[in-house]
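K.L.:
Give me the fold of what follows.
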Amino acid sequence: MGSGEEAKVTRAIGVVVVAVLIAETLSACGGAGVTASESPSSSPKASMSPSVLTPSPEFTVIGVSTPGEVTVAPSLLEALPLPEGIWDEAGDGWVLAGYAPSASDVPAEHYVLYLVSPEGQRYQVLELDPDSGWQVLGWEGGESPALMVRRDDQGTTEWGFLDLDSGRMSIVDTGGIDWEYLLGVNAHGQYVTRGYDSVAGESTVQLRDRDFALVGTLPELGRLWSPGGLWWIPLDQSFGSGEMLNVMSLIDDERREVSLGFLADRRFCEGAGWVDDGHLLVVCQEAVYPESGGEGTSQGATFISISIEGGGGYEVIEEIVVSDRWFGPAVVADGAVVALGSVLLDGVGGNQRIELTVIREGVATRIPASAYGDNMWGPYPMTVVGSRVYVGWGFSGDAGDAPFLSVDDMAAGTSTVLIPLNIPSGGSWPFSAMVSCVIVGSHEAMFS
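P.N.:
Alright, predicted model coming up:
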């Protein structure tokens with residue numbers, strides 16, 4: 001068998017909503033993915049041209065197959081051979097994912113790079129050496145090379161660019177920064193990484209060009225990337241006290257301050273994501289605590305858009321009543337707030353499951369975990385590209401730790417599994433499958 005019709009799960013999202021429900025989780029593949037997509041017209045443009053690699057004295061071949069071949073094994077996914085001209089189609093929303101199924105007592109026998117369309121069509125790009133340790137973290141789409149990384153137990157980090165046609169890797173000299181992780185690609189098309197400078201003896205946030213050469217640093221590590229790769233906020237930013245909102249540039253040392261005084265009378269407020277590059281999305285939730293211990297159950301959630309221009313300004317964009325879940329990260333896609341949330345299975349906490357909720361005009365549509373498979377847990381990253389919301393799901397606890405990828409198209413009303421879970425036969429927990437992935441059009445890295 002040289003190829004197979006790929007397995008795709010598609011489900012229509014109901015138009016008529018009868019229940020009002022909502023959801024939560026911690027942000028992260030997820031988040032988002034890493035590319036140099038075009039930023040909004042009001043901001044600098046990200047580079048869309050393919051990377052031009054600086055010649056490296058060191059090359060290594062980690063591909064064990066060539067494009068057009070499909071590796072068939074019980075633990076691998078069904079895929080089609082890579083057709084001629086497919087790279088011309090591989091733009092925003094396409095996914096490049098590394099898949100190496102293994103279990104605690106069954107090491108990975110195969111490591112395959114899959115190219116997946118937003119509609120779920122899956123192609124095999126290359127089979128790689130499963131012992132190589134390389135992960136794919138960056139890709140601009142098309143025929144551009146993929147940014148790869150591997151590190152040992154001592155934190156020594158090695159980076160390289162993989163030619164997706166030949167399987168040949170060019171190694172990059174990064175200057176002795178250990179434990180270096182990719183955070184994403186900013187609006188200028190620069191890689192943003194965090195690491196440890198073994199010479200200076202301190203943690204750093206680096207800016208690297210498309211050849212991965214060091215071109216600058218950022219003063220502080222942050223979180224919550226704006227969708228165009230322009231802004232993020234400090235790790236310790238608080239929203240519940242009505243203090244100032246600090247917004248930091250992902251390009252240079254610019255900072256902005258916005259008053260959060262209007263949040264002083266609200267409870268349990270937290271940054272959930274962004275509406276766009278000029279507006280942060282905050283969720284505030286009320287809670288009622290049970291008489292004898294346990295966690296509070298959410299009774300109401302308000303999503304607020306906060307302008308980062310001209311000192312601030314805010315607008316309530318969604319309000320909803322819920323009784324069984326707690327919100328976490330959220331994005332805005334096709335005019336809807338899309339939020340991940342933990343469902344409180346016993347009503348007061350403890351037993352929880354992660355689900356996705358679409359909120360339009362105060363009404364919520366649940367996309368239950370059963371749409372993607374049983375024992376769905378998380379949280380894992382989420383990111384938005386156009387009208388599509390990508391979520392890196394996972395199985396945890398007794399079910400191991402194996403993220404896989406789904407996409408929900410808010411405009412089309414469909415849910416599609418892009419990278420399903422395929423448990424290795426005969427293996428024991430924990431198991432893993434998807435090693436990493438990149439989504440063209442997303443600036444924040446989903447996995448690092």
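
K.L.:
the strands in the stretch 251-400 of the chain, which residues?
P.N.:
With strands called from DSSP state E, counting those that start in this stretch, the stretch 251-400 of the chain shows them at 255-259, 269-276, 279-288, 297-307, 314-320, 325-333, 336-344, 352-360, 363-367, 382-385, 388-393.

K.L.:
Could I get the CA-only coordinates of the fourth one as CSV?
P.N.:
Only the C-alpha atoms of strand 297-307 are listed here, as CSV (Å, rounded to 0.1, in the frame of the first residue of the first chain):
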residue,chain,number,x,y,z
THR,A,297,-18.1,27.4,40.0
SER,A,298,-18.2,30.2,37.5
GLN,A,299,-21.6,32.1,37.4
GLY,A,300,-20.9,34.7,34.9
ALA,A,301,-18.2,35.8,32.4
THR,A,302,-17.6,39.2,30.7
PHE,A,303,-15.2,39.6,27.8
ILE,A,304,-13.7,43.1,27.5
SER,A,305,-11.7,44.6,24.7
ILE,A,306,-9.1,47.1,26.0
SER,A,307,-7.5,49.5,23.6
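
K.L.:
any idea of the mean pLDDT for that strand?
P.N.:
Averaged across strand 297-307, pLDDT comes to 83.

K.L.:
and the angle from that strand to strand 279-288?
P.N.:
160 degrees (axes from the mean of the first three to the mean of the last three C-alpha atoms, to 10 degrees).

K.L.:
what's the distance between strand 297-307 and the middle of its chain?
P.N.:
Taking the mean of its C-alpha atoms, strand 297-307 sits 23 Å from the chain's own mean (C-alpha atoms, centre = their mean, to the nearest Å).

K.L.:
helices or strands next to it in the packing?
P.N.:
Judged by 3 or more C-beta pairs under 8 Å, 6 or more residues apart in numbering; DSSP states H and E, the packing partners of strand 297-307 are strand 279-288, strand 314-320, strand 325-333, strand 336-344. Placement of C-beta: from N, CA and C, glycine included.

K.L.:
for the first one, same thing?
P.N.:
Contact analysis of strand 255-259 by 3+ C-beta pairs under 8 Å, 6+ apart lists strand 244-249 as its packing neighbours.

K.L.:
now what about the strand it packs on, what contacts it?
P.N.:
218-220, 222, 230-234, 237, 239, 254-260, 280, 306, 308, 312 (C-beta atoms under 8 Å, 6 or more residues apart in numbering).

K.L.:
Quick one, which of those residues are buried?
P.N.:
Buried by 16 or more other C-beta atoms under 10 Å: 218, 222, 230-234, 237, 239, 256, 258, 260, 280, 306, 308, 312, out of the contacts of strand 244-249.

K.L.:
I'd like the strands of the stretch 251-400 of the chain as TSV, with distance to Met434 appended.
P.N.:
Converted to TSV, the strands of the stretch 251-400 of the chain look like this (distance: least, C-beta to C-beta, whole Å):
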stretch	distance to Met434
strand 255-259	36
strand 269-276	23
strand 279-288	27
strand 297-307	30
strand 314-320	32
strand 325-333	19
strand 336-344	18
strand 352-360	17
strand 363-367	20
strand 382-385	15
strand 388-393	8
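
K.L.:
Which one, of those, ends up nearest to Tyr181?
P.N.:
strand 388-393 (16.0 Å; C-beta to C-beta).

K.L.:
could you give the angle of the closest one to strand 325-333?
P.N.:
In terms of direction (the same axes, to 10 degrees), strand 388-393 departs from strand 325-333 by 140 degrees.

K.L.:
What would strand 388-393 look like as CSV? C-alpha coordinates only.
P.N.:
C-alpha atoms of strand 388-393 as CSV (Å, rounded to 0.1, in the frame of the first residue of the first chain):
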residue,chain,number,x,y,z
ARG,A,388,-9.8,29.3,11.7
VAL,A,389,-9.0,28.5,15.3
TYR,A,390,-6.3,25.8,15.9
VAL,A,391,-6.1,23.9,19.1
GLY,A,392,-3.3,21.5,20.2
TRP,A,393,-5.2,19.0,22.4
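
K.L.:
what's the next secondary structure element after that strand?
P.N.:
Counting by DSSP states H and E, the element after strand 388-393 in chain order, helix or strand, is strand 404-409.

K.L.:
and that next one, what's its mean pLDDT?
P.N.:
Across strand 404-409, pLDDT averages out at 89.

K.L.:
buried set for that strand?
P.N.:
Going by 16+ other C-beta under 10 Å, strand 404-409 has these buried residues: Phe404, Leu405, Ser406, Val407, Asp408, Asp409.

K.L.:
re earlier: need the helices and strands packed on strand 297-307 in CSV (columns: mean pLDDT and distance to Trp94).
P.N.:
Putting the helices and strands packed on strand 297-307 into CSV (pLDDT from 0 to 100; distance: least, C-beta to C-beta, whole Å) gives the following:
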stretch, mean pLDDT, distance to Trp94
strand 279-288, 84, 26
strand 314-320, 90, 30
strand 325-333, 85, 17
strand 336-344, 82, 20
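
K.L.:
For those, give me CSV that also has distance to Ala73.
P.N.:
Listed next are the helices and strands packed on strand 297-307 as CSV, based on distance: least, C-beta to C-beta, whole Å:
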stretch, distance to Ala73
strand 279-288, 42
strand 314-320, 45
strand 325-333, 35
strand 336-344, 32
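
K.L.:
Relative to Ile439, which of those strands is closest?
P.N.:
strand 325-333 (12.9 Å).

K.L.:
got the angle for the closest one vs strand 363-367?
P.N.:
Between strand 325-333 and strand 363-367, the angle comes out at 100 degrees (the same axes, to 10 degrees).

K.L.:
Please consider this matter closed, and thank you.
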